[in-house]
Each structure stands twice: as structure tokens, then as C-alpha cells.
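Engineer: Task: produce atomic coordinates for the following.
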Amino acid sequence: THLIPDQLVGNFINDIFVDQSNHVWIGSERGLSETFGGTWVTHDQTTGLGGSEVNAIAQDQQGTLWFGTNRGLSTWNGTSWTTYTTEDGLSNNGIACVTIDHAGNVWVCYDWRGYGVSMYDGSVWTSYTATDGLADDDVNDIAVDAEGDIRVGTYGSGVSEFDGTTRSTYSDEDYNWISD
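Structural biologist: Model (predicted):
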């Protein structure tokens, strides 16, 4: 961990997240800045972060922080880093988004198009693509609604929804367009 007073590690900000302890985490193209009580801490590959570019940040119910980087998905439990990569079951190491569902499963989408989404249940990574019912393999974002349904936003094919039993897709083809 590097202490750099009043300084961000990078100016191209990809994500900002406030954790359960009110620490602010700022993901950038050059690493991760953490600020609390006027102190700035830099986390990067030299301190255990998986990749130099941090694109997405989430926190699970146990307080573990999850960081989507250009070289895998890193976790910080407050004392140590763990990084998951393709060797652990990810479809790609470039992580673009991270979401935690109500059951504590971790969902990721990828920087590079064509990899669908992957879900980690605490033991095993499972990947889902168009062959599994996603609207498209090119995914931009994942969200969980109040009922726990998973919403997957695709790049050009609308939104896929999974409620634990049924998969649905919504696109502008379903919209009743009115022409002038």
C-alpha cells in the first residue's frame, strides 16, 4: 500500500464506490485510489491488485470488495488480495462490470465483446451466453432488481431478464413505434 497525500493514482475515472465503512474507492486507468478521513491510499499491481486498470467496483454482504480489472477480478477482504482469472473459470480477464445478487453470487461482464456474463457462486464460475438464453453475447451491464431478478444489458440486442426460473428478452422490436 502506498500513501500519496491528496492525490489520485489516475485521472481517467472508470468507477467510484462508497463501501460499508464509508471509504471511497476510485477506479482508474492506473489503479485504485482509496480515501477515508483525509488519507489517500493507492492500490495497484505492486500491492496485489490484479490489473492496472480498474473498471468496476462492488461489495458483497460480508464486506468483501470486488474490483473488475483489465487482468481479472480482484477481491479485497480488508487484509489481503485474491484475483480470479480465466485460469479460475472467467471467460475473459478484462472485466467491465461487477454486480452482487441477493444470494451473494458475483456477476461479471467483460471489456471485450462476445463473452456473455459469468456468475461466481462462491465455489465455481458459470458462464452464460446467447446459447443459454442471453439476448446477445455482447454485454454492457448487469443489474439486480428489488425482487432479485438479474437484468443483463446487451450491446444492440436489448435486455435479458432472469428471475431464477424464466428467461425473457426485451428489445426495441417489442416497442410500438409511432411514425410521423
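
Engineer: From now on I want contacts and neighbour counts done on CA atoms only, so please keep to that.
Structural biologist: Noted.

Engineer: which residues sit in contact with Tyr84?
Structural biologist: By Cα atoms under 8 Å, 6 or more residues apart in numbering, the contact list for Tyr84 reads Gly72, Leu73, Ser74, Leu90.

Engineer: scratch that, Asp88 is what I was asking about
Structural biologist: Applying Cα under 8 Å, 6+ apart, the residues contacting Asp88 are Trp125.

Engineer: tell me the pLDDT at it?
Structural biologist: Confidence at Asp88, expressed as pLDDT, is 97.

Engineer: again, but for the one 3 residues further on
Structural biologist: At Ser91 the predicted local distance difference test score is 97.

Engineer: what's the most distant pair in the contacts of Tyr84?
Structural biologist: Maximum pairwise distance among the contacts of Tyr84 (Cα to Cα): 12.0 Å, between Ser74 and Leu90.

Engineer: Those two: which is more packed in?
Structural biologist: The neighbour comparison of Ser74 against Leu90 (other Cα atoms under 10 Å) goes to Leu90, with 25 against 22.

Engineer: and Phe36, what are its bridge partners?
Structural biologist: Phe36 has these beta-bridge partners by DSSP bridges: Thr39.

Engineer: just checking, it touches Ser21?
Structural biologist: No - Phe36 is beyond contact range of Ser21, at 9.1 Å (criterion: Cα atoms under 8 Å).

Engineer: Who has more neighbours out of those two?
Structural biologist: Between Phe36 and Ser21, Phe36 has the larger neighbour count (other Cα under 10 Å), namely 12 against 8.

Engineer: Contact partners for the more buried one?
Structural biologist: Asn22, His23, Val24.
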